[in-house]
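What follows is a predicted protein model with its sequence.
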Amino acid sequence: MFYTIADDLILYQVFSFVKIYSNYELKLREYFYEKTEGIYPDFIVVIRQFIFFFVKKEHYFDAKEYLESIRRELANRKVIIIRIEKILINMLFSFFPDLNIDTVKIESDYESNRREISVYFLFFKERGIAIGRNGDYIRAVNEIFEKYVIFGNKNSPIRVKCKFTE
């Protein structure tokens, strides 16, 4: 991967999550704590059929052991456990943990004054997995960045696109 200094400023910026929890999300927090035998998620987002549980790096693999059981119990939802990161590039890799990412490039959409981060995958099938059925997963990821992420340098929200390396 080849980055410019401007790309580094974008990809290595610090950000935080901000959200007011609903009662349902507070119940999910307690459910997750009880199910994982003592791991509290740092952040929870429910977007349409997706439930994202963000956990600290040191708890990620312990929490992941319970993922299949949680998915069975919350059968009508798609449950994802994400390793929480404070640096943008690391967070992008956390959203696609088991996929082969080839390159990450910064592109600007001058019409909307928004930066786009293109994540290039080695295989077309993996790009399809990253996007999700009918684009649902990548839309949910973009909604998280749009609604719940605040960048340290007050940059405008970013948009993530998944592409295939040809």
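Nice, thanks for sending it over.

quick one: the residue sitting nearest the centre point of the chain from residue 52, how far?
For the chain, the residue nearest the mean C-alpha position is residue 95 (3.8 Å; Cα atoms, centre = their mean). In this structure, residue 95 and residue 52 are 9 Å apart, going by Cβ to Cβ, to the nearest Å. All C-beta atoms are positioned from the backbone trio N, CA, C, and that covers glycine.

The residue nearest to the centre of the chain: what's it in contact with?
Listed by Cβ atoms under 8 Å, 6 or more residues apart in numbering, the contact partners of residue 95 are 82, 141, 160.

ok, 10 Å please
Neighbour list for residue 95: 52, 80, 82-83, 85, 119, 130, 137-138, 140-141, 144-145, 160 [criterion: Cβ atoms under 10 Å, 6 or more residues apart in numbering].

that older thread, can you pull the residues that touch both of residue 95 and residue 52?
Common contact partners of residue 95 and residue 52 (Cβ under 10 Å, 6+ apart): 80, 82, 140-141, 144.

Okay, and which of the residues you listed map to strands?
The subset of the shared contacts of residue 95 and residue 52 located in strands under the criterion DSSP state E comprises 80, 82.

The shared contacts of residue 95 and residue 52, buried ones only, as a ChimeraX selection?
The following ChimeraX line selects those of these that are buried, judged by 16 or more other Cβ atoms under 10 Å:
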select :80,82,140,141,144
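
Which single one of the shared contacts of residue 95 and residue 52 is nearest to residue 13?
Taking Cβ to Cβ as the measure, residue 13 lies nearest residue 144 of these, at 16.0 Å.

Please pull out the lowest mean pLDDT helix or strand from the chain.
Within the chain, confidence by mean pLDDT, DSSP states H and E is lowest for helix 5-11 among all helices and strands, at a mean of 62.

show me where this protein has helices.
Using DSSP state H, the helices assigned to the chain run over residues 5-11, 23-35, 60-64, 67-73, 88-95, 124-131, 136-147.

Residue 45: which of those is closest?
Nearest to residue 45 among the helices of the chain is helix 136-147; the distance by Cβ to Cβ comes to 5.7 Å.

For that closest one, which helices and strands make contact with it?
With contacts defined as 3 or more Cβ pairs under 10 Å, 6 or more residues apart in numbering; DSSP states H and E, the packing partners of helix 136-147 are strand 15-17, strand 43-47, strand 50-55, strand 78-83, helix 88-95, strand 114-121, helix 124-131, strand 158-164.

I'm done for today, thanks for sticking with me.
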